[in-house]
Structures are given as structure tokens and as C-alpha cells.
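>>> My questions are about this predicted structure, shown below with the sequence.
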Amino acid sequence: MFAISLGDEAAELRPLEPWQAEEFLAHMDRGREFIGEFIALAAAATDLDSARAFLHSYAEKQAADGGRIYGIWLDGTLVGGVLFRVFDAALEYCEVGCWLEPAAVGKGLVTRAVRLLIDWAVVERGIHRVEWMAASGNTASVNVAKRLGMTREGVLRDAFPYRGVRHDMEVWSVLAPEWRELRSR
């Protein structure tokens with residue numbers, strides 16, 4: 001297994017796999033309310049079986065080259081993650097996403113981790129378009145897209161029904177030539 005430093009010795013990015021279901025569930029339990037404010041991930045892992053099934057679904061996506069999931073560990077504890085929710089090498093397109101528990105907020109971990117994912121997708125895999133979707137009310141997620149240099153393409157009004165409310169979803173993206181330019185600075 002590999003681990004990539006996220007800028008200091010205490011934070012690293014690693015694959016998140018089905019055998020880590022107990023650790024993933026404990027992480028979800030610590031951050032469920034916060035994580036679940038805007039994303040359904042918290043509801044997807046409510047017990048050991050569902051946590052394992054969720055991670056297994058990403059193992060299957062990775063085997064089919066259709067998605068990947070990585071955990072963010074801080075001081076040896078799983079505190080969040082990033083993923084390719086969608087990955088389509090043939091269409092040269094992917095969608096990245098993230099989540100964090102409250103203890104990890106404000107440390108720049110997601111921004112650094114997503115930079116690594118975008119670098120890999122663009123440089124190694126030839127992805128041309130990287131998308132980021134965020135509920136308009138999820139200012140933390142919108143701010144990550146801004147920090148990454150993505151362009152806000154528009155808003156899908158009332159596009160995502162969640163917890164009895166229809167949320168506007170913002171579409172952000174960065175294209176490979178833009179990413180290379182941003183990274184060269």
C-alpha cells in the first residue's frame with residue numbers, strides 16, 4: 001500500500017479499501033452530522049455491513065476503471081477522504097469529491113488531496129475535464145473549487161433532493177490546459 005504526504009508528516013492520503021470498513025464506520029460515526037449536512041455519504045455507511053458495501057462498491061469501480069476512493073489520515077486517524085465519483089478515461093472526464101469530519105476542517109487537507117487527484121488524472125491518465133459538484137449552500141466545498149482554480153460553470157436549480165429539501169447544485173470544472181497552467185505557476 002502507498003501513502004502520500006499531504007504537506008506534513010501528520011497528514012497523508014491512502015487508498016480506502018473494504019478491509020478498512022470498521023475504521024471507515026468509526027470515522028463516519030464521529031462526523032456523521034457534519035458530513036451529512038450536504039452529502040448523502042453519511043447515510044450510506046450506518047453499520048459495518050453498509051460501510052463495507054460502500055467501500056466494496058468503490059473497489060469494483062476501481063477494478064472497472066470507473067472511480068476510486070482515498071482516505072485522508074491525520075496523526076494516524078482517518079478524518080476524511082477524496083474520490084473520483086465518476087471516472088471515464090474514454091471520454092477524458094471525471095468528477096472529484098470530498099468529505100471531512102469536523103476535527104480536520106480548516107487545515108487545507110482536501111485542497112491538497114484533490115490537487116494530487118487532479119494531477120494524476122490529467123498527467124497520468126489524460127483526463128481533459130475535471131468536474132466538481134457542490135450544493136450552493138456548502139460554502140466549504142465551493143471554496144475548495146475556488147482554491148483549486150476551477151471555473152464556476154453554472155447552477156442546476158433545485159437539482160438535488162436531500163433531507164426533504166431541494167438543493168441548488170453548482171457545477172465547477174477545470175480543463176487539462178488550464179490545470180497545467182495553474183500548476184506551472
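Great, that's in hand.
>>> what does the model give L91 for pLDDT?
Per-residue confidence (pLDDT) for L91: 98.
>>> F2 too?
84.
>>> for E131, same thing?
Predicted confidence (pLDDT) for E131: 98.
>>> Report the contact partners of A11.
S5, I72, W73, L74, K107, L109, R112 (Cβ atoms under 8 Å, 6 or more residues apart in numbering). Yep, even glycine has a C-beta here, placed from its N, CA and C like the rest.
>>> Show me how to select, in PyMOL, the buried members of those.
In PyMOL, a selection of the buried entries from those looks like this (16 or more other Cβ atoms under 10 Å):
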select buried, resi 72+73+74+107+109+112
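>>> Same list, the contacts of A11, but as TSV with distance to E92, pLDDT and secondary structure please.
Shown next, in TSV, are these (distance: Cβ to Cβ, whole Å; pLDDT from 0 to 100; DSSP: H, G, I helix; E, B strand; the rest coil):
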residue	distance to E92	pLDDT	secondary structure
S5	29	91	strand
I72	26	97	strand
W73	31	97	strand
L74	33	96	strand
K107	32	93	coil
L109	27	96	helix
R112	24	96	helix
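>>> Save the contacts of A11 as JSON lines, and put in distance to R163 too.
Shown next, in JSON lines, are these (distance: Cβ to Cβ, whole Å):
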{"residue": "S5", "distance to R163": "36"}
{"residue": "I72", "distance to R163": "25"}
{"residue": "W73", "distance to R163": "29"}
{"residue": "L74", "distance to R163": "28"}
{"residue": "K107", "distance to R163": "27"}
{"residue": "L109", "distance to R163": "26"}
{"residue": "R112", "distance to R163": "30"}
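>>> Just name the closest of the contacts of A11 to W172, please.
R112 (17.5 Å; Cβ to Cβ).
>>> count of residues packed around D47?
D47 has 12 neighbouring residues, counting by other Cβ atoms under 10 Å.
>>> Give the closest residue to it in space, chain neighbours not counted.
L25 (7.1 Å; Cβ to Cβ, 6 or more residues apart in numbering).
>>> can you list the residues that contact the helix or strand containing the one you found?
Using DSSP states H and E, L25 sits within helix 21-35. The contact list for helix 21-35, computed with Cβ under 8 Å, 6+ apart, reads 16, 41-42, 45-48, 51-52, 54-55, 71, 77-80, 99-103.
>>> from these, which ones fall inside strands?
G71, T77, L78, V79, G80, W99, L100 (DSSP state E).
>>> which stretches of this structure have low pLDDT?
The chain contains residues with pLDDT under 70 at 1.
>>> Which one of the contacts of A11 is nearest to K61?
Nearest to K61 among the contacts of A11, with distances taken as Cβ to Cβ, is I72, at 18.8 Å.
>>> List the residues that contact that closest one.
6, 11-13, 78-82, 100, 104, 109-110, 113.
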